[in-house]
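A.B. asks: Quick one: sequence plus predicted model below, questions after.
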Amino acid sequence: MGSIIAHSPTAVTRCGIHGYHETLGIDQDEVSFFWALHSDDESAVQAAYRIVVATKSSAFENTGNSLAAPNEAIAWDSGKVSSGSQRDILCRPDGGFKSTCAYYWRVIIWDSQGMQSQSGINEFFTAYPRSHLLPPYSMNQTYMPHTSLIFRTWFEDQENKWRAVWLGDGGDKPIYLRKAFNLSKRPSKAIVFASGLGHFNLHVNGRAASNHVLDPGWTNYHKTVQFVGYDLTDKLVAGENVLGAHVGNGFYAGDQGDRFFWPMYEDNTYVRYGNELCFFVELHLFYEDGTHDVVISDPTWRVRKSATTLANIYASETHDRRAYPCGWDAPGFDDSDWSPVKPLTGPRGRLRYQSQPPVTLHETFQPIKTHSPKPGTICFDLGQNASTMVKIEVEGNAGSEVVIRYGETTYEDGRISMPDPLFKEFETGVYSKFTLGDVKGPQAWGPDFSFTCARYIQVDGVALEPGQGLPVIHRAVGRHVSTGSRKLGNMQTDKEDCNALIKACYWSYASNLFSYHTDCPQIEKFGWLEVTHLLAPATQYIRDVEALYTKILQDILDTQESNGLVPTMAPEVRYMCGPLHDTITWGCALCFLPEILLRYYGSTHIIPKIYQPAIRYMEYMQTKERKGGLIEHGLGDWGRDIAFGNHQANIETAVYYQCLRNLETFARIQSLESDAQRFKEWAERIYNVYNKHLLVTDDPERPYAYYTSLDEYPKRDRTAIAQALALQFGLVPEKHRSDVMKAFLDDTSDGRIRSGEIGLRYLWNTLADANRPDIVLQMCRQEEHPSYMRFLRRGETTLLEFWQDECRSKSHDMLGTIYEWFYAYVLGVKPTGNAYKTFDISPPYVSEFNEVKGSVSCPYGDINVIFKRSEDGSIRLQVTVPTSTIATVKFPAENSCVDIERRGSWRQKAQGNKVDLKQGTYSITIPKSTA
């Protein structure tokens, strides 16, 4: 396939740093770069690269055209490296990065023809890479002031240490803090680092500092406290400026008030990390003359109680607009009646940059139905269940109280309902109360420090029209709140029920991604770890989760216990026991997520950090072995028949085996060959024990080999999940693979789902390997549960927690692994090399789908697929392959004759069951005779 177009330059497109979404507070002494390329030339490949990192953007004036001699501004220069690598490029400057310093970097690449291209100038800003201290804390200033000699060494090398002080009022109710300061001139750059626990909103000169909400991310605050970086360069002025912060409780100092708070509901397992809301900030100001000033949180700040008097993270706030100090965050405000702040000791955890994407607001849902079931109550149906921070606008007399409730289910009259009788308190004890102020016109309210999942809003104490003696409600909307990670993919088919299921999966996923992957955004909000690795292969099609999953791994490290145990959730905001605390299918996230980052993003930056903790976890699991190597003490296939434990030996031992295989991979990446051999032999031992106890080859009643569970030992069963686990984890001896697949198909031929959440992903993937979309869709469309379509037929717009008509939670994504099947099998895009360097496109030829289209933005660029089956039986494909990748397009038959046209280039015929395509956009026609 030769190109007939002239050679054209290759453009360097998206550049970034592995593990970071925003880059305004890098606190490591090394980073790993990546970039993408674009070329219209089919044969264009990167032959070499050079990366230059400098402390001044002017250092790049000559590097675009020549290899200029380094100057004093250049902090690191890779030199010209002969390599096609575009990801995982380590940058480790001698002596590390300077503190609170702007760095600029550029990529220069050469293609195989020697032509040179360069990226734009990229930028990041450092915090304190070598500081292991929290901000300085306040001791007794009478006897031990900061100037005391005993603190001298703590304040040496101040350029590399935090300077700000944690502040508050000493209480645990929401607060406002402010500081006015004057600037003689505008700075050329202004970067602020700030944190407030549990959550804070930063303001500058009367405006929000960013579009973030719920900063900082949830962590184990005894181990890690995140700070956030904001660029305020365009928000500061010469003259008076004001920094302000509104601080609420979050999980750091959770406040139940008189409402529902789950960790205190069932077993009182919640323990506060701290009892004082606290805040710190450093504003770094840089000027054209090279000077650098810092404004910090210190005792000169002022504080007062917030008009929000309750900030319960479980969607319950109380706000009295009469107490709101209008203009408190803007210049010219008189804060003379505010109190001096109190310097506080603050949290125990180490400060780390909020490297994961921030939580932000996205779509706004307008009501599709509004009605009043009784006087004074107005109900709104938003049409879509989603994680939300609601917003209302009401107009009425000062002192009027409005109560806002939200839910995923309603009674027949539209009022909020909790269908699970065990959680009726969620129905009555989750609400916000808004008291109107003395303001003319509509007044808006939305929560500052909490969110929920809701399709329905119920507002009490209002009317739709004036004249009823009640405030008038003008507006009620849901504002979708979720991770700010980059959106990547979409797809649709010609089957409307499938499109509805794809949409329900999307909203279930999007509603559970925050600063960690929650199990549900409404009733629990916990960081259960099984969803992180089970749903990651699907999530990566629609969101860039590399930075989020890097942060989750830090949460896991912070939560790991001294004996090596990795608990089932991280961070632990509720404390569990037994298998709900110690289950390898949850804890394995420590070993699975780094491999997921390698597979989907080509990233190894986290592997050295998790390597020893992962070994300790495997050594802990070794103490749990039974029968020479089986693991069977956990939750099994959780979610089958609600919460029925089964298949422990099959599932948990297979996961144990995969953890060991991953450790072998991690060891080889680090050139630790003796370690790699250790884990290889360890895994081989588990492989042999697994087959010794679970593989059946001598059953006279069945004409094939199969796997049994030990659920009713010595009785043998032959479930689809037992077969799927063995097949998907590579545990089946080659000579028995066809037998085990037959056993699998025998147990799925009736089209019934018999799986909990753990086995479900492997069920779909095995049906994909068997090329049986008919069985998958039959399972989805069952009239009775288990059935996805039953959810949709009943009007649900997200997935429920269990296979039930009514559940306590209706936005649980744990059953949503069918989403991966749609992208990998129906759209047909599946990576085969790390970061999609190579990938398959295998459209659903043998299926009921006649039209499928979609796109996936992989690390190297956009993959687009359009599949159409004509009435005459012929098939047309349109495929876009990103630069630097190779797509293997599969065809329906061994001898398929296809016509391939590369846009703007060539056209030719090919024969066979597949073809490899380099970068470009292609139209492929498969005649009926070979389709």
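C.D. replies: That came through, no problem.
A.B. asks: mean confidence score for the strand ranked longest in the chain?
C.D. replies: Longest among the strand segments of the chain by residue count, using DSSP state E, is strand 377-395. For strand 377-395, the mean per-residue pLDDT is 98.
A.B. asks: Just the CA atoms of the helix or strand containing A500, as PDB, please.
C.D. replies: A500 is located in helix 496-510, with elements delineated by DSSP states H and E. C-alpha atoms of helix 496-510 as PDB (Å, rounded to 0.1, in the frame of the first residue of the first chain):
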ATOM      1  CA  GLU A 496     -33.000   1.800  20.300                       C
ATOM      2  CA  ASP A 497     -33.100  -0.500  23.300                       C
ATOM      3  CA  CYS A 498     -29.400  -0.900  23.100                       C
ATOM      4  CA  ASN A 499     -28.900   2.900  22.800                       C
ATOM      5  CA  ALA A 500     -31.000   3.300  25.900                       C
ATOM      6  CA  LEU A 501     -28.800   0.800  27.700                       C
ATOM      7  CA  ILE A 502     -25.600   2.500  26.500                       C
ATOM      8  CA  LYS A 503     -27.000   5.800  27.800                       C
ATOM      9  CA  ALA A 504     -28.000   4.400  31.100                       C
ATOM     10  CA  CYS A 505     -24.500   2.900  31.500                       C
ATOM     11  CA  TYR A 506     -23.000   6.300  30.600                       C
ATOM     12  CA  TRP A 507     -24.900   8.100  33.300                       C
ATOM     13  CA  SER A 508     -24.200   5.400  35.800                       C
ATOM     14  CA  TYR A 509     -20.500   5.700  35.200                       C
ATOM     15  CA  ALA A 510     -20.400   9.500  35.000                       C
END
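A.B. asks: Can you spell out which helices and strands pack onto it?
C.D. replies: With contacts defined as 3 or more CB pairs under 8 Å, 6 or more residues apart in numbering; DSSP states H and E, helix 496-510 has these neighbours: strand 377-395, strand 489-493, helix 530-542, helix 773-780, helix 788-793, helix 818-821. Every C-beta, even on glycine, is put in place using the N, C-alpha and C of the backbone.
A.B. asks: ok, now how distant is L799 from E757?
C.D. replies: In this view, L799 and E757 are 11 Å apart by CB to CB, to the nearest Å.
A.B. asks: which residues do the two both contact?
C.D. replies: Overlap between the contact sets of L799 and E757, as judged by CB atoms under 8 Å, 6 or more residues apart in numbering, is given by L815.
A.B. asks: More neighbours: these two, which one.
C.D. replies: A direct count of neighbours by other CB atoms under 10 Å for L799 and E757 places L799 higher, at 28 against 24.
A.B. asks: if you skip the residues just before and after it, what's nearest to the more buried one?
C.D. replies: Closest residue in space to L799, ignoring its immediate chain neighbours: S508 at 4.4 Å, by CB to CB, 6 or more residues apart in numbering.
A.B. asks: just G396 next, same as before
C.D. replies: If the residues on either side of it in the chain are set aside, G396 comes closest to P471, at 2.7 Å by CB to CB, 6+ apart.
A.B. asks: Please apply the same query to K837.
C.D. replies: Residue nearest to K837 in three dimensions, not counting chain neighbours: T885, with 5.9 Å by CB to CB, 6+ apart.
A.B. asks: cool, and I368?
C.D. replies: G383 (4.0 Å).
A.B. asks: I figured the one you found hits R455, correct?
C.D. replies: Yes: checked against CB atoms under 8 Å, the pair G383 and R455 is within contact range at 7.2 Å.
A.B. asks: between the two, which one's more packed in?
C.D. replies: For G383 and R455, the more surrounded residue by other CB under 10 Å is R455, and the numbers stand at 26 against 15.
A.B. asks: And the more buried one, which helix or strand is it part of?
C.D. replies: strand 452-460.
A.B. asks: Adjacent strands (with direction) for that strand?
C.D. replies: Based on DSSP bridges, the pairing partners of strand 452-460 within the sheet are strand 377-395 (antiparallel), strand 401-407 (antiparallel).
A.B. asks: how about the helices in the stretch 551-700 of the chain?
C.D. replies: With DSSP state H, counting those that start in this stretch as the criterion, the stretch 551-700 of the chain has helices at 584-587, 589-601, 607-622, 648-669, 673-694.
A.B. asks: so what pLDDT did N62 get?
C.D. replies: As predicted, N62 sits at a pLDDT of 62.
A.B. asks: buried residues in the host helix or strand of V740?
C.D. replies: Taking DSSP H and E as the criterion, the element that holds V740 is helix 737-748. By neighbour count on 16 or more other CB atoms under 10 Å, the buried set for helix 737-748 is 739-745, 747-748.
A.B. asks: for stretch 863-882, same thing?
C.D. replies: Using 16+ other CB under 10 Å as the test for burial, stretch 863-882 gives 863-869, 875, 877-882.
A.B. asks: Now for those residues: which two are most distant?
C.D. replies: With distances taken as CB to CB, the most widely separated pair in the buried residues of stretch 863-882 is R869 and P882, at 25.6 Å.
A.B. asks: Are there helices or strands packed against the helix or strand immediately after the strand holding R455 in the chain, and which ones?
C.D. replies: Under the assignment DSSP H and E, the closest C-terminal helix or strand after strand 452-460 is strand 472-483. On a contact count with 3+ CB pairs under 8 Å, 6+ apart, strand 472-483 meets strand 359-365, strand 377-395, strand 452-460.
A.B. asks: So which of the ones you listed is nearest L663?
C.D. replies: Closest among these, once you apply CB to CB, is strand 359-365, at 32.9 Å.
A.B. asks: The nearest residue to V573 once chain neighbours are set aside and M576, how far apart?
C.D. replies: Closest residue to V573 apart from its sequence neighbours, by CB to CB, 6+ apart: F251 at 5.0 Å. Taking CB to CB as the criterion, F251 is separated from M576 by 16 Å.
A.B. asks: Same question for L800.
C.D. replies: With distances taken as CB to CB, L800 is found 22 Å from M576.
A.B. asks: between these two, who's got more neighbours?
C.D. replies: Neighbour tally, L800 and M576, criterion other CB under 10 Å: the higher count belongs to L800, 26 against 17.
A.B. asks: Wait, N662 touches L593, no?
C.D. replies: No: in terms of CB under 8 Å, N662 does not count as a neighbour of L593; the distance is 9.7 Å.
A.B. asks: And this structure, what are its domain boundaries?
C.D. replies: Structurally, the chain divides into domains by automatic domain parsing as follows: 11-126, 149-356, 361-483, 489-826, 836-930.
A.B. asks: is it possible to export those to TSV including distance to P135?
C.D. replies: Conversion of these to TSV gives the following (distance: least, CB to CB, whole Å):
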stretch	distance to P135
domain 11-126	13
domain 149-356	4
domain 361-483	22
domain 489-826	19
domain 836-930	36
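A.B. asks: Which one, of these, ends up nearest to P136?
C.D. replies: That would be, of these and by CB to CB, domain 149-356, which comes in at 5.8 Å.
A.B. asks: end-to-end on the closest one?
C.D. replies: For domain 149-356, the first-to-last residue distance is 39 Å (CA to CA, to the nearest Å).
A.B. asks: Just the mean pLDDT for it, thanks.
C.D. replies: Per-region confidence: domain 149-356 scores 95 on mean pLDDT.
A.B. asks: ok, now stretch 489-509?
C.D. replies: Mean pLDDT, computed over stretch 489-509, is 98.
A.B. asks: Distance of the residue located most distally from the centre of the chain relative to P347?
C.D. replies: Checked against the mean C-alpha position of the chain, the extreme residue using CA atoms, centre = their mean is P700, at a distance of 49.1 Å. Remark: distance between P700 and P347 (CB to CB) = 65 Å.
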